[in-house]
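Colleague: have a look at this prediction, sequence included:
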Amino acid sequence: MEVKFNRLIPELSVSNIKKSKDFYVSLGFSVVYERVDDKFCFLELDGNQLMIEEVNENWNTGKLEYPFGRGINLSMEVEDIDLLYEKVKKMDYPIFRELQEDAYLVGDKECVDKQFLIQDLDGYLLRFIH
């Protein structure tokens, strides 16, 4: 299997690989590959790539406490933001920030994004945009 890897791929430490994998798959991510013995999974959604691995002593720089990833949000552009938002609502999953349009200045141009945010099972903040 040949995988095209993005130049930047976040790897998230998760408390339970099975529950986290099931969560991401329920959002529409596909499993590109996994190493079951290492409790590792490589996921992709619309070109957004994430790696998740159950907490181990390989990468810990300090004590992990919920919510993991404080101070970071992962922004992922998706093809159909409305469909994904409706999927999350039907899952009755808590929304951190409801679907909304936001305008940002980028240089001298205004860009408008439609976005919503949720936290994954370990508290990582996921920002889906279109």
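Modeller: The structure has been received and is ready for your questions.
Colleague: buried ones in stretch 92-99, by neighbour count?
Modeller: If you call a residue buried by 16 or more other C-beta atoms under 10 Å, then stretch 92-99 has these buried ones: Tyr93, Leu99. C-beta here means a position set from N, CA and C on the backbone, and glycine is covered the same way.
Colleague: centre of the chain to it, how far?
Modeller: Taking the mean of its C-alpha atoms, stretch 92-99 sits 14 Å from the chain's own mean (C-alpha atoms, centre = their mean, to the nearest Å).
Colleague: can you dump the C-alpha atoms of that stretch in CSV for me?
Modeller: Taking C-alpha atoms only, stretch 92-99 is exported to CSV below (Å, rounded to 0.1, in the frame of the first residue of the first chain):
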residue,chain,number,x,y,z
ASP,A,92,-25.9,13.9,20.1
TYR,A,93,-22.2,14.8,20.6
PRO,A,94,-21.5,18.0,22.5
ILE,A,95,-20.7,20.9,20.3
PHE,A,96,-17.9,23.3,21.6
ARG,A,97,-18.8,26.0,19.1
GLU,A,98,-21.9,25.8,16.9
LEU,A,99,-21.8,26.1,13.1
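Colleague: what's the average pLDDT for that stretch?
Modeller: Mean per-residue pLDDT for stretch 92-99: 95.
Colleague: what's Lys21 in contact with, if anything?
Modeller: Shown in contact with Lys21 (C-beta atoms under 8 Å, 6 or more residues apart in numbering): Val31, Glu34, Cys41, Leu43, Ile52.
Colleague: okay, and the second one sits in which element?
Modeller: Assessed by DSSP states H and E, Glu34 sits inside strand 30-35.
Colleague: residues in contact with that strand?
Modeller: In this structure, residues lying in contact with strand 30-35 by C-beta under 8 Å, 6+ apart are Met1, Val3, Lys21, Val25, Phe40, Cys41, Phe42, Leu43, Glu44, Leu45, Gln49.
Colleague: who does Asn73 bridge with?
Modeller: Each beta-bridge partner of Asn73 is listed here, defined by DSSP bridges: Leu125.
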